[in-house]
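>>> build the 3D model from these lines:
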Amino acid sequence: MREQRTWHGGSGRKRARSGTGTGGIPTTETVGGRIGPGAARPYGGNTAKTRGARPVHARWTRTIWGTITVAARRIRTRTFLAPGGALLVALAVSGCGGADASDAPAEKKSFALDGKTLTIEAGNSVVDLVPADVKSVEVTRRVDGWVFAGSGPDASWKMTDDTLSLKVRCRAIASDCEALHEVKVPRGVAVTVHGDNGEIVATGFDTGLKLRSDNGSVTVRDSGGPVDLESDNGKITTAGLSARTVAAKSNNGSVHLGITAVPDTVDTVSDNGRIVIDLPASKTSYAVTATSDNGDVDVDVPTDKSSAHVVNARSDNGKVTVRSTG
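Next comes the predicted model:
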């Protein structure tokens, strides 16, 4: 049986879809043998790196030649075909609107945490992190979606030692699933997040943050602890960042760092995307190394090769800008 999926960009709201994978540009997949360029793992897997891809919020259509023709998301008809192409049945399907986790009922659960570090393993969900005056890790979960000829959305959450697992799965011929986890972390706890298919957002931390998404954007706002940010397929953005040490790497997406205090070290890499580093306006000089294999380089800050404040920015394919703002 041969199958093709065609992906179409979505609305860009802060949410993650699973069950059918995610993507942002036309992508095809052939299952039952060969997988074509830009393919995504079926049923909630990662989207492979594709130049220009947007990481999340997508809809798709799926066609199975010789057996079934199915169109997913807001679908009203489904057509089943015999191997020779003869029409067997046409089904009218109602009530299969798009999933919207923001309007889904909220489930809440607390998880005890011993120590000052928390690791979160997330799958097919947006993760929104804030520090709070709480003793335990408090999670609010919202899940929405539908499936056709399968199961889900199936959500699970559990804490093992200092690792919190937040997973959502949809397995079906056609599905539209979304999930959002809002996580309150006790103040003073350093956080590491490994996200498999979904956006990661952190706001207001003064402890260390190590955030990685295999397929989704990474955003940090108003934080002062050291940050280490990475996305395999998505943009990286910071605003109001006063960290002394900043590292950001995107394999396929732009990097835009808004830094409000003079940093000691900034290290940025993008394999495919532009880099913009906004530094605070001051008389401070920086030891800047900025390069692009395919794009312009613009450095507009005081520079001194012997400075203790080091800025590195490298893009394989995109413009690099280092500038003062304020």
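
>>> partner residues bridging Ile277?
Leu257, Val322 (DSSP bridges).

>>> ok, now which ones touch it?
Shown in contact with Ile277 (Cβ atoms under 8 Å, 6 or more residues apart in numbering): 257, 259, 266, 268, 311, 313, 321-323. Bear in mind the C-beta positions are built from the backbone N, C-alpha and C, glycine included.

>>> and Lys135, by the same measure?
Residues in contact with Lys135 (Cβ under 8 Å, 6+ apart) are Pro186.

>>> for it, phi and psi?
phi -90, psi -30 (degrees, to the nearest 10).

>>> that one and His256, how far apart?
Counting by Cβ to Cβ, to the nearest Å, the separation of Lys135 from His256 is 36 Å.

>>> give me the number of residues near Asp133?
7 (other Cβ atoms under 10 Å).

>>> burial check on the closest residue to it other than its chain neighbours, number of neighbours?
Nearest residue to Asp133, sequence neighbours excluded (Cβ to Cβ, 6 or more residues apart in numbering): Arg187, at 6.5 Å. Neighbour count for Arg187, taken as other Cβ under 10 Å: 13.

>>> for Arg187, give me the pLDDT.
Per-residue pLDDT puts Arg187 at 97.

>>> next: Arg169.
pLDDT, read off for Arg169, is 89.

>>> ok, now the one 5 residues further on?
With respect to pLDDT, Ala174 has a value of 84.

>>> would you agree it falls within a strand?
Yes - assessed with DSSP: H, G, I helix; E, B strand; the rest coil, Ala174 lies in a strand.

>>> quick check, it in contact with Ala149.
Yes - using Cβ atoms under 8 Å, Ala174 is in contact with Ala149, at 7.2 Å.

>>> so for these two, which sits in the more crowded spot?
Higher neighbour count among Ala174 and Ala149: Ala174, with 24 against 12, using other Cβ under 10 Å.

>>> what distance do you get for that one to Pro105?
23 Å.

>>> ditto for Asp293
Relative to Pro105, Asp293 is positioned 49 Å away (criterion: Cβ to Cβ).

>>> what does Asp300 give?
Noted for Asp300: a distance of 50 Å to Pro105, by Cβ to Cβ.

>>> who has more neighbours out of those two?
In this view Asp300 and Pro105 are compared by other Cβ under 10 Å, and Asp300 has more residues nearby, 11 against 8.

>>> which stretches in the stretch 51-200 of the chain count as strands?
58-65, 68-71, 77-81, 87-92, 107-111, 117-123, 126-132, 137-160, 163-186, 190-196, 200-203 (DSSP state E, counting those that start in this stretch).

>>> relative to Ala247, which of those strands is closest?
strand 190-196 (13.4 Å; Cβ to Cβ).

>>> please work out which residues outside that closest one touch it.
Strand 190-196 has contacts (Cβ under 8 Å, 6+ apart) with 46, 116-125, 127, 129, 185, 200, 202, 205, 207-216, 225.

>>> was I right to think Val311 contacts Val288?
Yes - between Val311 and Val288 a contact is recorded at 4.7 Å, counting by Cβ under 8 Å.

>>> common neighbours of those two, please.
Here Val311 and Val288 have 301, 322 as joint contacts, going by Cβ under 8 Å, 6+ apart.

>>> and the residue lying closest to Leu113 once chain neighbours are set aside, how many residues sit next to it?
Nearest residue to Leu113 in three dimensions, chain neighbours excluded: Val137, at 5.2 Å (Cβ to Cβ, 6+ apart). Counted with other Cβ under 10 Å, residues neighbouring Val137 total 22.

>>> check Val137 and give its pLDDT.
pLDDT, read off for Val137, is 98.

>>> ok, now the one 3 residues further on?
You'll see Thr140 listed with a pLDDT of 97.

>>> begin at 529 from here
All set: I'll call the first residue 529, so the last point we hit is now Thr668.

>>> cool, thanks, signing off.
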